[in-house]
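> Sequence and predicted structure below; questions after.
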Amino acid sequence: MTAPDTPGSPPTRRAGRRRRDQAIALGWLIAVWNLLWGEISWGNLLGGALVGVAVLLFFPLPPVSFGGRLRPRALLVLLTTFVAELVDASVHVAAIAVRPGYRPRGAIIGVRLRVRTDLNLALTAELLSLVPGTLILEIDRDAGVLYVHVLDVRRPEDLSDSRDRVLAVEARVVRAIGSDAEVRLLATDPVDRRST
């Protein structure tokens, strides 16, 4: 017997997935609680569990569906490229900071992503925000657009390079954890991505 709202997924399997997702979320909340306190102790573990249960009960989040599959080689490419970009951007921002009299120009660009799932939007935004010199200002979830502040824009080509960098991060994320259908979407060109 299958649930009417999700064909092919029995209610017991959906309930099992929901409990598993809540257990994972509770584990992360406990870990964050202990990191905030700066030490792991029985009291902090218990306090984190109580706070985590309260958060999950009173502020339930919509389930984030994961219909993709993990591709280890693409995940390795994602991680190594991220570390290389992190080092390169850190050196670039440090050079700007110590250059006397130099005033970098920033810009805000809107980039429409090709895969508009919540997971893809969140992971792409997080990876971009962790790299110095870029900051996510807003996410238009319905349109799948990330509004990104970029640092040190000197020419119009820098804007198109920044858009291409955002789309390259999205492509690496989707190739690492996306479904086959999402990977096929990477070949499409987002509508009006150059004009946003």
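Looks like it came in fine. Numbering: from 1, shown residues only.
> Quick check: residue 30 is in a helix.
Yes: secondary structure of residue 30 (DSSP: H, G, I helix; E, B strand; the rest coil): part of a helix.
> show me the contacts for it.
Contact analysis of residue 30 by C-beta atoms under 8 Å, 6 or more residues apart in numbering lists 45, 48-49, 52. (Glycine included, C-beta is placed from N, CA and C.)
> List only buried entries from those residues.
Buried members of the contacts of residue 30, scored by 16 or more other C-beta atoms under 10 Å, are 48, 52.
> Max pairwise distance over the contacts of residue 30: which two?
45 and 52 (10.3 Å; C-beta to C-beta).
> Contacts only, for residue 145.
For residue 145, the contact set (C-beta under 8 Å, 6+ apart) comprises 110-113, 139, 196.
> Can you pick out the most distant pair from those?
Within these, 139 and 196 form the most distant pair, 12.8 Å apart (C-beta to C-beta).
> quick one on the thing from earlier: secondary structure added to the contacts of residue 30, as a markdown table?
Listed next are the contacts of residue 30 as a markdown table, based on three-state DSSP:
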| residue | secondary structure |
| --- | --- |
| 45 | helix |
| 48 | helix |
| 49 | helix |
| 52 | helix |
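> which one among the contacts of residue 30 gets closest to residue 72?
Distances from residue 72 to the contacts of residue 30, taken as C-beta to C-beta, are shortest for residue 52 (30.3 Å).
> so the closest one sits right up against residue 29, yeah?
Yes: using C-beta atoms under 8 Å, residue 52 is in contact with residue 29, at 3.5 Å.
> Name the nearest residue to the residue nearest to the spatial centre of the chain, ignoring sequence neighbours.
Taking C-alpha atoms, centre = their mean as the criterion, residue 123 is the residue nearest the geometric centre of the chain, at 1.4 Å. Once flanking residues are discounted, residue 123 sits nearest to residue 173: 4.9 Å by C-beta to C-beta, 6 or more residues apart in numbering.
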